[in-house]
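**Q** Need a 3D model of the following:
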Amino acid sequence: MAALGDLFKSGDRVQHSGIYRVFHNPEHADPHEVTCLYGKRLPQCQRCQQARFMLVRGAENIETEAHFKAEPLAFQLKLMRA
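**A** Purely as a prediction, here's the structure:
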């Protein structure tokens, strides 16, 4: 599991959804923050191709969070009939 401050490179799989600070070649772009989702691959910068990603704050993907996760179809039908 990723820890705050861990660095990753393009092509690595996101180990924890959250906010990541992206570092590019300084001649190309200033650091900035992006949202990355668990299991996705970190993309390659189309310009400098040296991007590094640092986990700043972990967060759960809303699609997998218990309060928002899609309910099974049978449960949805039961609610519709109520």
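**Q** From now on I want contacts and neighbour counts done on CA atoms only, so please keep to that.
**A** OK.
**Q** Tell me if I'm right that residue 15 and residue 1 touch.
**A** Yes. In this structure residue 15 lies within contact range of residue 1 using C-alpha atoms under 8 Å: 5.7 Å.
**Q** These two: which has the busier surroundings?
**A** residue 15 (18 against 6; other C-alpha atoms under 10 Å).
**Q** Quick one: residues contacting that one.
**A** With contact set as C-alpha atoms under 8 Å, 6 or more residues apart in numbering, residue 15 has these partners: 1, 2, 38, 39.
**Q** Am I right that the second one sits in a helix?
**A** No. Going by DSSP: H, G, I helix; E, B strand; the rest coil, the assignment for residue 2 is coil, not a helix.
**Q** ok, back up a step: the contacts of residue 15 into JSON lines, with extra columns for pLDDT and distance to residue 50?
**A** Listed next are the contacts of residue 15 as JSON lines, based on pLDDT from 0 to 100; distance: C-alpha to C-alpha, whole Å:
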{"residue": "1", "pLDDT": "75", "distance to residue 50": "23"}
{"residue": "2", "pLDDT": "82", "distance to residue 50": "20"}
{"residue": "38", "pLDDT": "94", "distance to residue 50": "21"}
{"residue": "39", "pLDDT": "95", "distance to residue 50": "21"}
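**Q** Put together CSV for these, with distance to residue 49 on each row.
**A** CSV is the format used below for those (distance: C-alpha to C-alpha, whole Å):
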residue, distance to residue 49
1, 25
2, 22
38, 22
39, 21
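**Q** Which member of the residues you listed is positioned nearest residue 69?
**A** Using C-alpha to C-alpha, the shortest approach to residue 69 within the contacts of residue 15 belongs to residue 38, at 15.3 Å.
**Q** That closest one: neighbour count?
**A** Residue 38: 15 surrounding residues under other C-alpha under 10 Å.
**Q** what's the closest non-adjacent residue to residue 60?
**A** The shortest distance from residue 60 to any non-neighbouring residue, by C-alpha to C-alpha, 6 or more residues apart in numbering, is to residue 17 (5.9 Å).
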